[in-house]
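Novice: next input, structure requested:
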Amino acid sequence: MKRSSLFLIALLLPLFAFAQSGFTFAQISDTHVGSETGADDLRRVVRDINRDSTVKFVVLTGDITEFGADKEYVLAKSILDSLHKPLHVIPGNHDANWSESGGNTVITTFGAQTCSFTYGGYLFLGTACGPFMRMGPGQIPREDIGWLKTQLAQMKDTSMPVIFLNHYPLDSSLNNWYEAIDLIKTRNIQLVMCGHGHANHRYTFEGIPGVMGRSTLRAGDSTGGYNIITISHDTAYYRERIPGLETRAPWTTAVLYNHHFKNDKTLYHRPDYGVNRDYPEIKTLWQYRDQSDIGSGVTVQGKLLFSTDTKGFLYALRQHTGRIVWRFHTGGKIYATPAASANRVVVTSSDHNIYCVEASTGRLLWTFRTLKPNVASPLIHGGAVYVGGSDGHFRALDLQTGKLLWDFDQVKGFMVSRPLWYQNKLYFGCWGNTFYCLDAATGHLEWTWSHGYSNRMYSPAVCQPAATGGKIFFVAPDRTMTCLNAFTGQEIWRKKWPGIRVRESMGLSADSALVYVKTMEGAVYGVSTSPDSMQLSWHASLALGYEICPTPIMVSPGVIYIPTQSGKVVALEDKTGHILWEHKISNCLVNSILPLGRRRVIVSTMDGRITCLRTP
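Specialist: A predicted model of the protein is given here:
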């Protein structure tokens, strides 16, 4: 017998004994229902798993849907309901970043965004993973980090082996990888399972064995596939299964044992806050820390600041101390920045409601019910509230009463950004490849613009547009900047630069002469607003590295504030583009920058921090 055949037999022998000493389960991942072949590929996989009596349960490690759309969840659930095995699901970035429900539908469809169960003497724990509603690096929600900590603390047998599930690998592609690793290392963690990369891959996460499972999508093949995992004799054997065709020999194994990890975080890479030592004049005056994510910006009125969180709270903080004044709870996650005027604060919630509360007390004044969840930020102008929804409607409400003033019901996709008011017109994009202009008084459609792509990922939905001189400027994920006539929608110019990939982060200069744009290469340019062709007229002395944070660039007299995906704020001198200072607040997305005069800046970050900085 050939030596290779003997090796294969030796490798497979433990699998024959799993019924007595182990168990078998399936991992499916990155099903992307809603993509071209996602549903068909998942149906084939489900039928195949149902025919295998050895598979005891199934884990789905994220990216269930293509865009987190409600109709995609309905389709995915109908397919997965035909599975004859217990199913454990966690969401991934595709389920969260483009979610019209703000991440709620995955919970209502599958019961939770986390999972916890035991089988064969192992504890399986799984957390959700974003980015949630804002393009950026991966992130485990702060509330899920808290959930994981509680689950581990409540273990009756702390020696029980643990298998951790997450959509992203536990590496620097996940901005809070170290929080998860530091927690699971307090217990007998033996294996980490993930998806996201669409390919089978072996990892080691700070000494913990890790395995990425392939996507069920067929990609360039005629059919998709999945992984069958057998845990036997303290070893996990991974076999790729091609539905209806073959189960391949193990492509990897992971030896499972108690590593007895100690507090060895100093041996591994952690976020570097050294830049703060380079600019010691930047001081933290106060910091508020939420127990969940903050996926919104901060609004100021008088002596109060207003913000929201993903547990559904709208709250007020004292501007000078950061102390909580009041909280108002809604029934769903909030990713909208509140608007404030005339002692009123308005915010949208993913519980299908628009709320108005008294700014000084948080007392509810009125609500307006919509047809679907709301994740877009409202605008208050001239006694009216202007806001888009996930139901294809853009509405104007009376600020005092909440009465509907008008309703434009022809939006082709859901909205996430705050509309722009300019010259008695309203401007906004949506996740339906379209940019709109409405008459602010009547809601009459003035014009629409579309870039012609079929892929909605390129939609001008997240960017906060700018207007000056009768022109509208915006950037989008297609890495192109667009200038339109504000009154006709006609393209004045539309430009993609070789080697300069603009994304969704931009802002208008104080004198309206430039639109500042941040590129995916981490550079910042100034585009002249006056000519009828694109001209780069200004360049900052800045190199941030890879950057996809969509937060608007903010300005105050003499200073330009640049947000980043790594929790750092950079202040530039507006004339020269030279760096005035940098300060790192956390290791995740900067949601908003709010200058309060030249010497104070309020910054919110996705991991639940609102920070007041004192600047020179």
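Novice: all helices of the stretch 101-250 of the chain, in order?
Specialist: Taking DSSP state H, counting those that start in this stretch, the helices of the stretch 101-250 of the chain run over residues 105-110, 142-153, 177-184.
Novice: dump these to TSV, plus distance to Asn166 and mean pLDDT.
Specialist: Just so you know, the C-beta spots here come from the backbone N, C-alpha and C atoms, and that holds for glycine as well. What follows is these, written out as TSV (distance: least, C-beta to C-beta, whole Å; pLDDT from 0 to 100):
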stretch	distance to Asn166	mean pLDDT
helix 105-110	15	96
helix 142-153	9	97
helix 177-184	7	96
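Novice: now those in TSV, with distance to Trp326 and mean neighbour count?
Specialist: Formatted as TSV, those follow (distance: least, C-beta to C-beta, whole Å; neighbours: other C-beta atoms under 10 Å):
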stretch	distance to Trp326	mean neighbour count
helix 105-110	27	19
helix 142-153	21	18
helix 177-184	30	21
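Novice: give me the three-state assignment for Arg494.
Specialist: At Arg494, secondary structure determined by DSSP: H, G, I helix; E, B strand; the rest coil is strand.
Novice: Leu314 should be in a strand, yeah?
Specialist: Yes - counting by three-state DSSP, Leu314 is found in a strand.
Novice: tell me the contacts of it?
Specialist: If a contact means C-beta atoms under 8 Å, 6 or more residues apart in numbering, then Leu314 has 306-308, 327-330, 334, 338, 345, 347, 355, 357, 362 as its contacts.
Novice: still on that earlier bit, quick one, which of the helices of the stretch 101-250 of the chain is nearest to Ile242?
Specialist: helix 105-110 (26.6 Å; C-beta to C-beta).
Novice: and for that closest one, what's in contact with it?
Specialist: Applying C-beta under 8 Å, 6+ apart, the external contacts of helix 105-110 come out as 64, 68, 70, 73, 76-77, 89, 91, 95-96, 99, 113, 128.
Novice: I'd like to know which of the residues you listed are buried.
Specialist: Ile64, Gly68, Asp70, Tyr73, Ala76, Val89, Pro91, Asp95, Ala96, Ser99, Gln113, Ala128 (16 or more other C-beta atoms under 10 Å).
Novice: the stretch 1-150 of the chain: strands as residue ranges?
Specialist: With strands called from DSSP state E, counting those that start in this stretch, the stretch 1-150 of the chain shows them at 22-28, 55-61, 87-90, 115-119, 122-126.
Novice: and the closest residue to Lys568 other than its chain neighbours, how far is that from Leu613?
Specialist: Nearest in space to Lys568, with sequence neighbours left out and distances taken as C-beta to C-beta, 6 or more residues apart in numbering, is Lys584 at 4.4 Å. For Lys584, the distance to Leu613 (C-beta to C-beta, to the nearest Å) stands at 11 Å.
Novice: do the same with Gln400
Specialist: 36 Å.
Novice: name the residue in these two with the higher neighbour count.
Specialist: Legend: neighbour count by other C-beta atoms under 10 Å for Gln400 and Leu613, higher for Leu613 (23 against 14).
Novice: parallel or antiparallel, list what pairs with the helix or strand containing that one.
Specialist: Per DSSP states H and E: Leu613 is located in strand 609-614. According to DSSP bridges, strand 609-614 forms sheet pairs with strand 283-289 (antiparallel), strand 600-605 (antiparallel).
Novice: between helix 142-153 and it, find me the angle.
Specialist: Per axes from the mean of the first three to the mean of the last three C-alpha atoms, to 10 degrees, the angle that strand 609-614 makes with helix 142-153 is 120 degrees.
Novice: returning to that earlier point: which one of the contacts of Leu314 is nearest Cys549?
Specialist: Nearest to Cys549 among these is Ser307, at 18.0 Å by C-beta to C-beta.
Novice: how about that closest one: what's its closest non-neighbour residue?
Specialist: In space, Ser307 is closest to Val298, 4.8 Å off (C-beta to C-beta, 6+ apart).
Novice: likewise Ala199?
Specialist: Arg214 (5.6 Å).
Novice: just to revisit the earlier point, of all the helices of the stretch 101-250 of the chain, which lies closest to Ser390?
Specialist: helix 105-110 (10.2 Å).
Novice: tell me where the stretch 51-200 of the chain is predicted with low confidence.
Specialist: Across the stretch 51-200 of the chain, not a single residue meets the criterion (pLDDT under 70).
Novice: let me have the strands of the stretch 1-150 of the chain in CSV, extended by distance to His444.
Specialist: Rendered in CSV, the data for these read as follows (distance: least, C-beta to C-beta, whole Å):
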stretch, distance to His444
strand 22-28, 48
strand 55-61, 46
strand 87-90, 44
strand 115-119, 49
strand 122-126, 49
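Novice: any chance of TSV for the buried ones among the contacts of helix 105-110, columns distance to Ile282?
Specialist: Formatted as TSV, the buried ones among the contacts of helix 105-110 follow (distance: C-beta to C-beta, whole Å):
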residue	distance to Ile282
Ile64	42
Gly68	37
Asp70	44
Tyr73	44
Ala76	47
Val89	43
Pro91	36
Asp95	37
Ala96	32
Ser99	35
Gln113	36
Ala128	33
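Novice: just flag the most distant two among those.
Specialist: Within the buried ones among the contacts of helix 105-110, Asp70 and Ala128 form the most distant pair, 17.5 Å apart (C-beta to C-beta).
Novice: contacting residues around Ile231?
Specialist: Contacts for Ile231 (C-beta under 8 Å, 6+ apart) come out as Phe18, Gly22, Phe23, Thr24, Gly120, Tyr122, Tyr237, Leu256.
Novice: quick one: the residue nearest to Phe132 when sequence neighbours are not counted from Ala340, how far?
Specialist: Distances taken as C-beta to C-beta, 6+ apart place Ala96 nearest to Phe132, at 4.5 Å, with adjacent residues excluded. To Ala340, Ala96 is 28 Å away according to C-beta to C-beta.
Novice: just Ile28 next, same as before
Specialist: 46 Å.
Novice: more neighbours, the two?
Specialist: Taking neighbours as other C-beta under 10 Å, Ile28 and Ala340 compare with Ile28 leading, 29 against 21.
Novice: in the sheet, who's paired with the more buried one?
Specialist: Leu60.
Novice: just checking, it touches Gly224?
Specialist: No - using C-beta atoms under 8 Å, Ile28 is not in contact with Gly224, being 9.2 Å away.
Novice: what do these two both touch?
Specialist: The contact sets of Ile28 and Gly224 overlap at Leu42, Val45, Thr216 (C-beta under 8 Å, 6+ apart).
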